[in-house]
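K.L.:
whatever this is, show me its structure:
(one chain, ligands or ions: 2)
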Amino acid sequence: MSALPKTMRAVVYRGAKDLRVETLPVPRIGASELLVKVAACGVCPTDIKKIEYGTVPPPRVFGHETAGTIVRVGARVRGFRAGERVALHHHVPCLDCHFCRHHAFAQCATYKRTGITAGFEPAGGGYAEYVRVLPFALPGVVKIPAKNSFEEGAMLEPVNTVLKAVRRLALQRGDVVLVAGQGPIGLMFTRLLQLEGAQVLATDLLNSRLKLARKFGARFTQNASRAKLSTHNSQLSTLVSRVTKHRGLDAAIIAVPSDAVALEAQSLLRGGGQLMLFAHTKRGDAFTLDPASVCVDEKDLLGSYSADFTLQREVARLVFSRKLDVRPLITHRFPLEKTADAIALASRPTEDSLKIVVSQD
Ligand SMILES: [Zn+2]
Ligand SMILES: [Zn+2]
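P.N.:
Numbering: from 1, shown residues only. Ligands and ions are numbered 1, 2, ... in the order given. Next up is the predicted model:
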């Protein structure tokens, strides 16, 4: 076993919009824990929000889409060896409580605890050189096959959140599903829905993303330029009418935090169709919805947040077999010291930016 350094670099959140590169002790692990040297960590919108608005108390080390190499294994841990390449999962449910029995893992108290840390209050820790995997997070550790990269491993968590949302829908083969927003998450939706046999209608403001959406399996694409959003005879409604023979969408997934987009999509659903909110994570907003569209038209309003632990194997198979090839989604890599720049770019995407990764590989 090679000697470990005593200290490491970590990007510490010290308050709203305040990230600092600091030197921290390398975490010490207990007998039922792992120490992992981080190789790649995806930049995730939920972390960006916490950093921008300072919604949680500092100090913390964020970063939860993490993959790396095991460097220390606690004496009581079975099934893992130093040197193995792994993807980590920071939230693992107890599988035993009232919420877990109802398959509402994201509401489980154990699940809400973060099981990976680089120090301070556990917050993922992926923006550091080493992370400690706490005992209750061990069942979420997935080995990365030799042919796959650390970056592919780091994408398991976001892909899981997307597959979970897809599984909440009652889709049949051939159904027409709108995916509004073709950022990394929207593109994952497009591909997974296509694999489930749906015909995906993808929208975005950027043509570069629509082009990629085609590659990810979108059957139809439409540039949703803002001007046309509010009008009822938008190009989108014309397209929906045409491809569904005036019936309306079977489902719509809103992967952008826009109320206008959500409301337009809801109006384009067929009776009994489903609206899935996936990006409305900021609390305190309100929009007006005609309740009769839910009661009389039987349009379901659904949300999905975070991952489903029981889907992890299936997610690993999809990503590692490259049936869902996540590699084209990763457009930018930043070194650890430049994490703040990585987050700035992720929060203001450009024409050619999709998933951004902090890389130490
Ligand atoms: Zn994430
Ligand atoms: Zn539970």
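
K.L.:
quick one, helices of the stretch 251-361 of the chain?
P.N.:
Taking DSSP state H, counting those that start in this stretch, the helices of the stretch 251-361 of the chain run over residues 259-267, 291-295, 312-320, 339-347.

K.L.:
which one of the ones you listed lies closest to Gly119?
P.N.:
Distance to Gly119, taken as C-beta to C-beta, is lowest for helix 339-347 among those, at 15.2 Å. Where C-beta positions appear, they are placed from N, C-alpha and C, glycine not excepted.

K.L.:
if you count contacts, what does the closest one end up packed against?
P.N.:
strand 18-25, helix 45-53, strand 330-334, strand 355-359 (3 or more C-beta pairs under 8 Å, 6 or more residues apart in numbering; DSSP states H and E).

K.L.:
about what we covered before: now tabulate the helices of the stretch 251-361 of the chain in CSV and tack on mean neighbour count and mean pLDDT.
P.N.:
Formatted as CSV, the helices of the stretch 251-361 of the chain follow (neighbours: other C-beta atoms under 10 Å; pLDDT from 0 to 100):
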stretch, mean neighbour count, mean pLDDT
helix 259-267, 20, 95
helix 291-295, 11, 97
helix 312-320, 19, 97
helix 339-347, 20, 93
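
K.L.:
please convert those helices to CSV, extending it with distance to Gly126.
P.N.:
Below are the helices of the stretch 251-361 of the chain laid out as CSV (distance: least, C-beta to C-beta, whole Å):
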stretch, distance to Gly126
helix 259-267, 30
helix 291-295, 39
helix 312-320, 17
helix 339-347, 10
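
K.L.:
what would the ones you listed look like in TSV with distance to ligand 2?
P.N.:
Shown next, in TSV, are these (distance: least, C-beta to the ion, whole Å):
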stretch	distance to ligand 2
helix 259-267	30
helix 291-295	29
helix 312-320	16
helix 339-347	31
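
K.L.:
on contacts alone, who are the packing partners of the worst-scoring helix or strand of the chain on mean pLDDT?
P.N.:
Every helix and strand in the chain was compared by mean pLDDT, DSSP states H and E; the lowest is helix 45-53, with a mean of 87. Where contact means 3+ C-beta pairs under 8 Å, 6+ apart, helix 45-53 is packed against helix 339-347.

K.L.:
right, is stretch 119-139 up against ligand 2?
P.N.:
No. Residues of stretch 119-139 are not located near ligand 2 by C-beta under 5 Å from the ion, the shortest gap being 10.6 Å.

K.L.:
off-centre distance for that stretch?
P.N.:
18 Å (C-alpha atoms, centre = their mean, to the nearest Å).
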